[in-house]
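Student: need coordinates for the below:
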Amino acid sequence: MSEQSPAEDAPEEYADALPEYAERVLEVAERIPPGRVMTYGDVAEWLDEGGPRQVGRVMSLYGGAVPWWRVVRADGVLLPGHELRALAHYRTEGTPLKEAARSAEGHLPRIDMRRARWDGGVGVVGHT
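Tutor: Sure, this is the predicted structure:
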């Protein structure tokens, strides 16, 4: 997860401010309960704004401060380059996983999307 530098001509009081859309994406990521996940597209749909690519961009730039491993690809494949860190979080939180087939590259499991996907419904206030 990298961070974006503020524009050179941005006023100093806004140098550390996140774009409004990024703040909203990160708020959704923080609401996802341990052991559950939402796809990039789910987050965009929840916000009724943007799409999976925009959510992915926000997560890549700013997601390090939130439980980034809970915002995932729709196919359940672990985030490339962060597979082992994410897998440790999934196992700690009890996120449902599908074990990899012996023929699968790297033998890494996938997230069991049918069981792990969260719709944001139970106990959530503030759906936009």
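Student: what is the rounded mean pLDDT of stretch 91-108?
Tutor: Confidence for stretch 91-108, expressed as mean pLDDT, is 84.
Student: who does the spatially most central residue of the chain bridge with?
Tutor: Within the chain, one residue has its C-alpha closest to the average C-alpha position: by CA atoms, centre = their mean, that is residue 71, at 2.1 Å. Under DSSP bridges, the beta-bridge partners of residue 71 are residue 38.
Student: contact partners for it?
Tutor: With contact taken as CB atoms under 8 Å, 6 or more residues apart in numbering, residue 71 is in contact with 29, 32, 37, 38, 39, 40, 43, 55, 59, 63. Quick note: C-beta positions are derived from backbone N, CA and C, even for glycine.
Student: how about the strands in the protein?
Tutor: With DSSP state E as the criterion, the chain has strands at 38-39, 71-72, 97-98, 110-111.
Student: residue 85: which of those strands is closest?
Tutor: Relative to residue 85, the nearest member of the strands of the chain by CB to CB is strand 71-72, separated by 13.3 Å.
Student: and the closest one, average pLDDT?
Tutor: Over the span of strand 71-72, the pLDDT mean works out to 98.
Student: please apply the same query to stretch 52-68.
Tutor: Stretch 52-68 shows an average pLDDT of 96 in the prediction.
Student: list the buried residues for it?
Tutor: By neighbour count, and taking 16 or more other CB atoms under 10 Å as the criterion, the buried residues in stretch 52-68 are 52, 54, 55, 56, 57, 58, 59, 62, 63, 66, 67, 68.
Student: contacts for it next, please.
Tutor: Under the criterion CB under 8 Å, 6+ apart, residues 1-4, 18, 21-22, 25-26, 29-30, 32, 34, 39-41, 43-44, 71, 74, 79, 82, 89 lie in contact with stretch 52-68.
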